[in-house]
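J.: how does the following fold in three dimensions:
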Amino acid sequence: MHAQSALRVLLVDDEPLARMRLRGLLDACDEPRAEVVAEAGTASQAQAWLRDHGCDLVLLDVQMPGPDGLQLAEALRELPVRPAVVFVTAYAEHALRAFELDAIDYLTKPVRRDRLQASLARVAQRLAERAAARREPGEGAAEAEVISINDRGRLLRIPLAEVLYLKAEMKYLTLRTASQSLVMDGSLSELEQRLGERFLRVHRNALVAKSAVRELERHAATDFGELDGGSADGGEGAEGWAVRIAHVNEWLAVSRRQVAAVREALAGHRD
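T.: Numbers count the residues shown, from 1 in each chain. Next up is the predicted model:
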């Protein structure tokens, strides 16, 4: 990768020595190259910088004074163009929450150069996919009609019309069609932007084809506890909502804040 196309990186860590070590590791990485454009010692400093600047990647510590890295990652989701996030921390127990926030990767300290290099490659791939979605109208439309998946050495092209839902599970996504479930890399937030109005975010970890929504019902929270997240997602109480997905007769939890949007989708896709 040429110098002008190096990944622009913001380092966020309250320990100057940790930032210095990451700088050294980034300098040693190639294909893709990475350039540190700024550093921040707190989440607040990072947010202030990002109000006026852009970057491709935030290398983010979890535990910091004041707002922590998870809170910063949550705030970044509101940016018009959200940078990729890779967490770099000594604590592995936050990994699940990190991937719920659409993190590209979760690296534990001390970071190895090969692991960091692999994360940079995933970020570069994500940027390429985002650029492809912004191509010429005809070309971009054709690109958006399929989702490409690497499956054990095979490249699969899944027609978008066959996709029922996409669900985030740890660092991977599950793509569900009427006949199969496939595991893929990616971010729900990126796919939500790319796929447009035919898909609906029903929950922080689920994106559903509007045409596949068949029924909306109240369910006990325990029925979908692994999806719902309880009060962590909109304050659901003892009861929650779920949608039934066409063809597979599966139920997915719905965040309370998304119930109105699901009702609207149902009204627009009556059989």
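J.: which SSE is residue 72 in?
T.: For residue 72, the element it lies in under DSSP states H and E is helix 69-76.
J.: tell me the buried residues in that helix?
T.: Buried residues in helix 69-76, counted by 16 or more other Cβ atoms under 10 Å: 69, 70, 72, 73, 76. For glycine as for every other residue, the C-beta is placed from the backbone atoms N, C-alpha and C.
J.: so for that helix, mean pLDDT?
T.: Average pLDDT, helix 69-76: 90.
J.: 303 is where my numbering starts, stick with that
T.: OK, 303 is where the count begins now, so the last one is helix 371-378.
J.: quick one: contacts of it?
T.: Identification of contacts with helix 371-378 by Cβ atoms under 8 Å, 6 or more residues apart in numbering yields 314, 345, 348-349, 352, 360, 362-365, 369, 384-385, 387, 389, 391, 396, 399-400, 403, 405.
J.: inside helices: which ones of the residues you listed?
T.: The helices, defined by DSSP state H, take in 345, 348, 349, 352, 399, 400 from the contacts of helix 371-378.
J.: I figured the last one hits residue 389, correct?
T.: Spelled out, that is residue 400. Yes. Using Cβ atoms under 8 Å, residue 400 is in contact with residue 389, at 4.9 Å.
J.: from the contacts of helix 371-378, list the buried ones, please.
T.: Neighbour-count burial within these applies to 314, 345, 348-349, 352, 360, 362-364, 384-385, 387, 389, 391, 396, 399-400, 403, 405; the criterion is 16+ other Cβ under 10 Å.
J.: please tell me how far residue 497 sits from residue 367.
T.: According to Cβ to Cβ, to the nearest Å, residue 497 stands 39 Å off from residue 367.
J.: repeat for residue 505
T.: Per Cβ to Cβ, residue 505 is found 32 Å from residue 367.
J.: quick one, which of the two is more surrounded?
T.: residue 505 (26 against 10; other Cβ atoms under 10 Å).
J.: which SS class is the residue lying closest to residue 390 once chain neighbours are set aside?
T.: Spatially, and ignoring its direct neighbours in sequence, residue 390 is nearest to residue 409 (4.9 Å; Cβ to Cβ, 6 or more residues apart in numbering). Three-state call for residue 409 (DSSP: H, G, I helix; E, B strand; the rest coil): strand.
J.: hmm, residue 409 is touching residue 389, no?
T.: Yes. Residue 409 is within contact range of residue 389, at 6.8 Å (criterion: Cβ under 8 Å).
J.: the strands in the stretch 353-502 of the chain, which residues?
T.: 359-362, 386-391, 407-410, 448-453, 456-461, 467-471, 474-478, 483-486, 501-505 (DSSP state E, counting those that start in this stretch).
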